[in-house]
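**Student:** Model the following, please.
(chains A and B)
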There are 2 protein chains.
Amino acid sequence: MAPVTNACYRFISHPVGYPDPLKNFQYDTSRTIDPDEVDLKGGFLTQTQFLSIDPFMRGRLDAGTFQCWELGQMFEGFGISEVIRSDVPEFQEGDILYGFQPFEHYTLHTKYEARGKMWRVIHNYEDLPLSVYLGAAGMPGKTGYYGMKHIGNPKAGENIFVSTAAGPVGQMVCQLAKAWGLKVLGSTGSDEKVQFLREELGIDQAFNYKTSSIAEEVKKFGGLDIFWDNVGGETLDIALKNMNVKGRIIVCGHISTYNGEEAYGIKNIWDMVYKEVKMEGLHVTTLESQYGDEFYATVPKMIAEGKLKYKEDVTIGLENAGDVLVKVLKGQNAGKAILQMWP
Amino acid sequence: MAPVTNACYRFISHPVGYPDPLKNFQYDTSRTIDPDEVDLKGGFLTQTQFLSIDPFMRGRLDAGTFQCWELGQMFEGFGISEVIRSDVPEFQEGDILYGFQPFEHYTLHTKYEARGKMWRVIHNYEDLPLSVYLGAAGMPGKTGYYGMKHIGNPKAGENIFVSTAAGPVGQMVCQLAKAWGLKVLGSTGSDEKVQFLREELGIDQAFNYKTSSIAEEVKKFGGLDIFWDNVGGETLDIALKNMNVKGRIIVCGHISTYNGEEAYGIKNIWDMVYKEVKMEGLHVTTLESQYGDEFYATVPKMIAEGKLKYKEDVTIGLENAGDVLVKVLKGQNAGKAILQMWP
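**Tutor:** Presented below is the predicted three-dimensional model:
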């Protein structure tokens, strides 16, 4: 095989507010690779199949933040790739891998990277579309599952309020909570999504936070045993006021402040004391070793059986990564945002 | 014995800002009791010896708050009392009791109250002054001990930042942390207290938050594994920015907002996510059954051996309860604030 273009997607300048893909990012087609001949250096070569676009990426674009990207570097995110050639015993040609990877068509994994990063072979016994392993059976699904198990500690009959309930993580949390016997309130940003939450996912109450009073909706629902915090800001402050004794708050995302909006000041921390409320930050990656095997043994099966529903919004072409990220940050995607590499 | 005055201290109107004892409280000497003759109704009678004045009382003075007091009712707080007469098998005449009680000279405990409330006989094997059982060996000491055990989960070599470090709870936390091998930073409100923390308690670094930059002091100290939050507000926000991965925050008090100051809005909740920080409200009472016996077996002994130092600020006379509370709220007391009933 002759050398082929190895396109990649780079971060080249810091955005102010929402990113401007034309200005802040670059689709770079200047590199080539010969998949048959390239020296594996004791590692392995993968061809990217699907990449996941997620809100956390916005946090990587600001200078000086934790895990911020350097100017000029490739985007990084969760992806599904196929092993093309391998010099490591763990992976064989044709294996489908899930892992955190650069945004490029072909990736050469050196020996160190092969072992140092968490790659997982996706066996896909249930014959699901592979993109599902980036959504309901991927990072967002894991986030919901690990967070509920590790921090939420849910008990049947308890009340949970899920913010950004129609997002990939929120959907997972809502459906797991229903499956485990909780009463679920969800907030989301459009009437269509409210309808989806009620009718498709069957949660107990849902509202459009853009047209309803969050405080009134939460009050109507009743005291909260668990709050799944995807947004921060005023919603978190209202939840703090409405927690039950020994309530748990899973701090998962703060999409309300990702794009440079001035942070809303949380005023109700004091309520945590009397009520012995626990609030804990969730970082899915470090929980992988504890919950990963259980997740892959449980969730793909539940998806195949129709017990966990999901929605995808697939865009073809790596060059569209930035546009899809902006869509995600503005809440305009119609399901888990997936980039498909090849038509 | 003829009837004697049974003085009590009442809450009669809501303060705005700091309480005004002349206006908001009332020392009531209108009631009498005959300790020898009063009908015990199956309960027991105690004579109050010492009462504890604590910051949490400020929270009871606002209408509509959790556990707020009703207008006209007696103050309630932790006290040390002696059993005068008893019809319950648990307590004998002469027993010294620790418990949560009304602010009055004599208290008649009905049968229900005798069992329904948590009274503990103080054996005082170490022959400590009884007032110590309201401070280092009482609620503030328990708060420090239970909070460190239950939420702090301290490990030798870790860094802890203690706010209001020279207060009764803070002193306990600082000394336990040192005893357990942690590196301790303390903040307090005067240079004398800074000196006390450094020289008497031997903590590693201490600063006067009124004359130093909290942010710079914390930065100089290094990343925090544990933050003991007695104040909330800006200090909490700075701590959130400086937590280490898997850091723990014990939310114990928010003295910065007890007196009607507008709540400072916390902006750094987002930092909890990446760093998997846990923040939990501490309510000492509900941890009593879990840690109480261990506490009484450990702490009075450590005090007697000089391993835990304490300072008291004793005022004689129930009529001074309000003045002492204001002193405590303004940080003008020179040690654990104790009211001694009898000269």
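
**Student:** so who does A:Pro3 touch?
**Tutor:** A:Thr32, A:Ile33, A:Asp34 (C-beta atoms under 8 Å, 6 or more residues apart in numbering or on different chains). (Each C-beta comes from the backbone N, C-alpha and C, glycine too.)

**Student:** Distance-wise, check it relative to chain B.
**Tutor:** 39 Å (C-beta to the nearest C-beta, to the nearest Å).

**Student:** Report pLDDT for that residue.
**Tutor:** A:Pro3 is assigned a pLDDT of 93 by the prediction.

**Student:** the longest strand in chain A is where?
**Tutor:** strand A:76-86 (DSSP state E).

**Student:** How far off centre is that strand?
**Tutor:** Put simply, strand A:76-86 sits 18 Å off its chain's centre (C-alpha atoms, centre = their mean, to the nearest Å).

**Student:** tell me what the next helix or strand along the chain from that strand is packed against?
**Tutor:** Next in sequence after strand A:76-86, counting helices and strands by DSSP states H and E, comes strand A:96-102. The contact analysis (3 or more C-beta pairs under 8 Å, 6 or more residues apart in numbering or on different chains; DSSP states H and E) places strand A:96-102 against strand A:44-52, strand A:76-86, strand A:120-121.

**Student:** Name the nearest residue to the residue nearest the centre of chain A, sequence neighbours excluded.
**Tutor:** Geometric centre of chain A, nearest residue: A:Pro140, 3.7 Å, by C-alpha atoms, centre = their mean. Once flanking residues are discounted, A:Pro140 sits nearest to A:Pro168: 3.5 Å by C-beta to C-beta, 6 or more residues apart in numbering or on different chains.

**Student:** Would you mind trimming the contacts of A:Pro3 to those in range of chain B?
**Tutor:** Residues of the contacts of A:Pro3 in contact with chain B (C-beta under 8 Å from any C-beta of the partner chain): none.

**Student:** What is the nearest of these to B:Pro300?
**Tutor:** Proximity of the contacts of A:Pro3 to B:Pro300 (C-beta to C-beta) peaks at A:Ile33, which lies at 72.5 Å.

**Student:** shouldn't that closest one be in contact with A:Asn6?
**Tutor:** Yes: judged on C-beta atoms under 8 Å, A:Ile33 makes contact with A:Asn6 at a distance of 4.1 Å.

**Student:** Please enumerate the shared neighbours of these two.
**Tutor:** With C-beta under 8 Å, 6+ apart, A:Ile33 and A:Asn6 have common neighbours A:Tyr106.

**Student:** In the stretch 51-200 of chain A, which residue sits nearest chain B?
**Tutor:** With C-beta to the nearest C-beta, the shortest gap between the stretch 51-200 of chain A and chain B falls at A:Phe66, namely 4.5 Å.

**Student:** Tell me how far that residue lies from A:Gly167.
**Tutor:** 22 Å (C-beta to C-beta, to the nearest Å).

**Student:** who has more neighbours, these two?
**Tutor:** A:Gly167 (28 against 13; other C-beta atoms under 10 Å in any protein chain shown).

**Student:** Would you reformat the helices and strands packed on strand A:96-102 as JSON lines and include mean pLDDT?
**Tutor:** Formatted as JSON lines, those follow (pLDDT from 0 to 100):
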{"stretch": "strand A:44-52", "mean pLDDT": "97"}
{"stretch": "strand A:76-86", "mean pLDDT": "96"}
{"stretch": "strand A:120-121", "mean pLDDT": "93"}
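
**Student:** Out of the ones you listed, indicate the one that is most buried.
**Tutor:** strand A:44-52 (a mean of 24; mean count of other C-beta atoms under 10 Å in any protein chain shown).

**Student:** following that one, which helix or strand shows up next?
**Tutor:** helix A:56-59.

**Student:** what about that next one, average pLDDT?
**Tutor:** Here the average pLDDT along helix A:56-59 is 89.

**Student:** list the buried ones in that helix?
**Tutor:** Neighbour-count burial for helix A:56-59 flags A:Phe56, A:Met57, A:Arg58, A:Gly59 (criterion: 16 or more other C-beta atoms under 10 Å in any protein chain shown).

**Student:** Give me the residues contacting that helix.
**Tutor:** A:19, A:65-68, A:75, A:77, A:253, A:258-259, A:325, A:329, B:274.

**Student:** and the gap between the residue of the stretch 51-200 of chain A closest to chain B and A:Val231?
**Tutor:** 19 Å.

**Student:** Same check on A:Leu308?
**Tutor:** Distance from A:Leu308 to A:Val231, by C-beta to C-beta: 23 Å.

**Student:** If you rank every helix and strand of chain A by mean pLDDT, what lands last?
**Tutor:** The helix or strand of chain A with the lowest confidence, counting by mean pLDDT, DSSP states H and E, is helix A:111-116 at a mean of 64.

**Student:** Tell me if A:Pro154 really is in a helix.
**Tutor:** No: applying DSSP: H, G, I helix; E, B strand; the rest coil, one finds A:Pro154 to be coil, outside a helix.

**Student:** what's the pLDDT at the residue in chain A positioned nearest to chain B?
**Tutor:** Closest contact between chain A and chain B, by C-beta to the nearest C-beta, is at A:Gly265 (1.2 Å). pLDDT for A:Gly265: 89.

**Student:** tell me the contacts of it?
**Tutor:** B:Ala263, B:Tyr264, B:Gly265, B:Ile266, B:Lys267.

**Student:** Secondary structure and distance to B:Phe227 added to those, as JSON lines?
**Tutor:** Listed next are the contacts of A:Gly265 as JSON lines, based on DSSP: H, G, I helix; E, B strand; the rest coil; distance: C-beta to C-beta, whole Å:
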{"residue": "B:Ala263", "secondary structure": "coil", "distance to B:Phe227": "18"}
{"residue": "B:Tyr264", "secondary structure": "coil", "distance to B:Phe227": "16"}
{"residue": "B:Gly265", "secondary structure": "coil", "distance to B:Phe227": "18"}
{"residue": "B:Ile266", "secondary structure": "strand", "distance to B:Phe227": "13"}
{"residue": "B:Lys267", "secondary structure": "coil", "distance to B:Phe227": "16"}
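
**Student:** Write out the residues of chain A neighbouring chain B.
**Tutor:** So chain A meets chain B at A:59, A:66-67, A:232, A:236, A:251-254, A:257, A:263-283, A:286 (C-beta under 8 Å from any C-beta).

**Student:** Just those residues: which are in strands?
**Tutor:** Short answer: those in strands (DSSP E) are A:Val251, A:Lys278, A:Met279, A:Glu280, A:Gly281.

**Student:** surely the fourth one meets B:Met272?
**Tutor:** Yes: at 7.2 Å, A:Glu280 and B:Met272 qualify as touching, with contact defined as C-beta under 8 Å.

**Student:** The two: which has the busier surroundings?
**Tutor:** B:Met272 (25 against 22).

**Student:** who touches the closest residue to the more buried one other than its chain neighbours in this structure?
**Tutor:** Closest residue to B:Met272 apart from its sequence neighbours, by C-beta to C-beta, 6+ apart: A:Gly281 at 3.5 Å. Neighbour list for A:Gly281: A:Val251, B:Asp271, B:Met272, B:Val273, B:Tyr274, B:Lys275, B:Glu276, B:Val277, B:Lys278 [criterion: C-beta under 8 Å, 6+ apart].

**Student:** Perfect, I'm done here.
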